[in-house]
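**Q** Sequence and predicted structure below; questions after.
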Amino acid sequence: MGKEMRKNILIVDDEQLIRQGFLARMEYLKIERDEVFEAASGREALEIVRQHPVDIVVTDIRMPDLDGLTLIRLAREIRKEIRFVVLSGYAEFSYAESAIQLGVREYLLKPLSNEALKRTFDKLYEEMEQSSRMQESLRREQRLSLEQREYRQEREINALVSNLSDREVGPEQLRRAMRPEEETDGTGETAGMGEDPAVAGESLTGAERNPGGTGEAPAAALALVSVELEQVENHGFSGEDHELIRFSVRNVFHEIPGDCEKVIVNCLSDYWLLYALFLGDGEKRLREEISRIYGRMSLVLKKIGVAVSVGVSGIGPRLTGRSRQEAESALQQRVAYGSGLYFYEEHKPELRFPDTQVKLLGQYLESGELERIPELLSCIFSEEMARRYGTSYLQFMWISSLNQVFHYYSRQNEGSAGMDRLMKSFFSQDRVRTVEELREKLWQIISECVEAEQLPAAGLSSRIRMAEQYIRNHYEENLTVADLAERFGMSPNYFSFAFKKELNCSAVSCLTNVRLQKAKELLTGSDLSAADIAQRVGYRESQYFFRVFKRNTGMTPLQYRERARERREK
């Protein structure tokens, strides 16, 4: 067997003594395991399942907040591959029947013998190993099939782009090139690469006109994706690494979800170039998607020392004989403005706008002369310039300015949340009504980016303290460990470990303590009902709040309020 099978176990029981006893028995019987997690309640167990790669859950049936069968059902929704062992002191058939229906293989009655426990885990591990071997075999077959499909697709799209000068390509022909595995002629070669019905004049069905179901006409674009050689050489790559780098670009591109159809392949005539095709609903919507995809892709690639520039053809109902030249013309703008995303519509050869001030914006960001930026923006986005050059000028300068911010920010901040905000701004100029609003919006974006720069500079201890303060300020919101980890630039697992090490309590416990303290203050200082207080401190279910409160204080919220009143009256 290749890779050793992982064995992470979660033990769930509301009594600590039972959990520790079960773990001790596993050690005595030398039952193999990797990580072992413990949970005192069903809800705590679900949180662990969300955050950690759990393979086996050993759970009691009866627990105060969430019974074992409900836990199994909810946990399967999170990780369907988890295996369960149910321990119970109840021999009723209804429990066993329900467990079997949920896919539980082992239903064991207390008190449990060593022999039964050892036999159970031996059987589970054997089943897991068989399943692992089958999955690996299936993955190998899928990889081979994928490689063959990608090879056909690469040849198909290179041929399409090379022959664009001779024809137009409509939505249906683009789809056939983007999905070569869907239509073959019986010999393994892609079929149907003749005249596109949209180009030939045939009517299209509603589904063909509207791939995403929005009612807007289809829109298509060709993009040339060029790897920046200077950037990769500065990070230790050589010319021989072009296949590895282009593989990374393709992989990142495919992993980014989108509201359009998209595909990317290597250019067969240039080691550092790739072709990307986009097909979506409506020209404006497709432009927004391309901007968002570029931002996410650039952020991820930056972490491995790779930068790309993208030139996008004119966006329209089909690719035309000029689409390749338009994409090349857009890509050439990187010579003047540096690596970035460039749309042909904003960089037509006949449009020549003054760009010195945009370059000044980049210099001010680099030198930290932020106080000079508002005045510069007033010059760039002035009423006079808008009247002289029109809306094309405003759109061009908006994108050019954001490209400057993007390059500065991507070097300073690796937080994906900030990059998401920045990339949404590439098309937010459509939502403002005046030149003044445009200036204010851009200054707001720049201010947020510079403020966010301070977070990566903070050390681990500072980040955890900032996270603690964030919990205290936002306890009433629906906070999760995953959200906090993303906000402060860590993985959920590492965030949980670092938080507990720094503050000697888990993030969940910290949030619970803050919420309960606020609840106590409201119970003693207001006449709000307990249900209203639950909502105010972040609990959407009042009954769950009551259970948490009693478990931590030994009394119900109303009992706590009455005792507080009695102490005041004495």
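**A** Yes, it's here.

**Q** mean confidence for stretch 71-83?
**A** Here stretch 71-83 scores 87 as its mean pLDDT.

**Q** for stretch 5-20, that is, sorry about that
**A** 88.

**Q** just stretch 135-144 next, same as before
**A** In the prediction, stretch 135-144 has an average pLDDT of 78.

**Q** ditto for stretch 539-547
**A** Rounded mean pLDDT across stretch 539-547 is 88.

**Q** same deal with stretch 172-192?
**A** 59.

**Q** As a check, name the ranges of all helices in the stretch 151-300 of the chain.
**A** Using DSSP state H, counting those that start in this stretch, the helices found in the stretch 151-300 of the chain span residues 171-178, 197-200, 206-209, 229-234, 242-255, 283-302.

**Q** show me where pLDDT drops low in the stretch 301-450 of the chain?
**A** Within the stretch 301-450 of the chain, the ranges that satisfy pLDDT under 70 run 335-337, 347-355, 368, 390-392, 408-433, 447-450.

**Q** where do the strands sit along it?
**A** Using DSSP state E, counting those that start in this stretch, the strands of the stretch 301-450 of the chain run over 308-312, 341-343.

**Q** want to throw the ones you listed into a markdown table with mean neighbour count?
**A** Every residue, glycine included, has its C-beta placed from N, CA and C. As requested, the strands of the stretch 301-450 of the chain are arranged in a markdown table below (neighbours: other C-beta atoms under 10 Å):
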| stretch | mean neighbour count |
| --- | --- |
| strand 308-312 | 26 |
| strand 341-343 | 26 |
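
**Q** Ok, which of those strands comes nearest Y275?
**A** Smallest distance to Y275 across those (C-beta to C-beta): 11.0 Å, for strand 308-312.

**Q** quick one: the closest one to chain centroid distance?
**A** 23 Å (C-alpha atoms, centre = their mean, to the nearest Å).

**Q** ok, now stretch 23-34?
**A** The answer for stretch 23-34 is 37 Å, by C-alpha atoms, centre = their mean.

**Q** again with stretch 264-276
**A** Relative to its chain's centre, stretch 264-276 lies at 26 Å (C-alpha atoms, centre = their mean).

**Q** average model confidence for that stretch?
**A** Mean per-residue pLDDT for stretch 264-276: 90.

**Q** Flag every buried residue along that stretch.
**A** Residues of stretch 264-276 classed as buried by neighbour count (16 or more other C-beta atoms under 10 Å): 264-267, 271-276.

**Q** Can I get those in TSV including distance to A75?
**A** Output for these, formatted as TSV (distance: C-beta to C-beta, whole Å):
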residue	distance to A75
I264	37
V265	40
N266	42
C267	46
Y271	48
W272	47
L273	47
L274	41
Y275	44
A276	39
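
**Q** Any idea how far apart the tips of stretch 329-342 sit?
**A** This stretch, stretch 329-342, spans 9 Å end to end (C-alpha to C-alpha, to the nearest Å).

**Q** still on that earlier bit, among the helices of the stretch 151-300 of the chain, where is the model least confident on average?
**A** Across the helices of the stretch 151-300 of the chain, the lowest-scoring stretch is helix 206-209, with a mean of 34.

**Q** Would you mind telling me which of the strands of the stretch 301-450 of the chain is nearest L69?
**A** strand 308-312 (50.7 Å).

**Q** chain center to stretch 122-131: distance?
**A** With C-alpha atoms, centre = their mean, you get 33 Å for stretch 122-131.

**Q** who touches it?
**A** For stretch 122-131, the external contacting residues (C-beta atoms under 8 Å, 6 or more residues apart in numbering) are 1, 5, 7, 32, 55-56, 83, 85, 105-106.

**Q** Which pair in the buried residues of stretch 264-276 has the greatest spatial separation?
**A** Greatest spatial distance among those (C-beta to C-beta): Y271 and A276, at 16.6 Å.

**Q** quick one: low-confidence ranges for the stretch 451-570 of the chain?
**A** 451-459, 462, 570.

**Q** returning to that earlier point: out of the buried residues of stretch 264-276, who's nearest A498?
**A** Distance to A498 across those (C-beta to C-beta) is lowest for I264, with 36.4 Å.

**Q** residues contacting that closest one?
**A** 225, 249-250, 253-254, 274-277.
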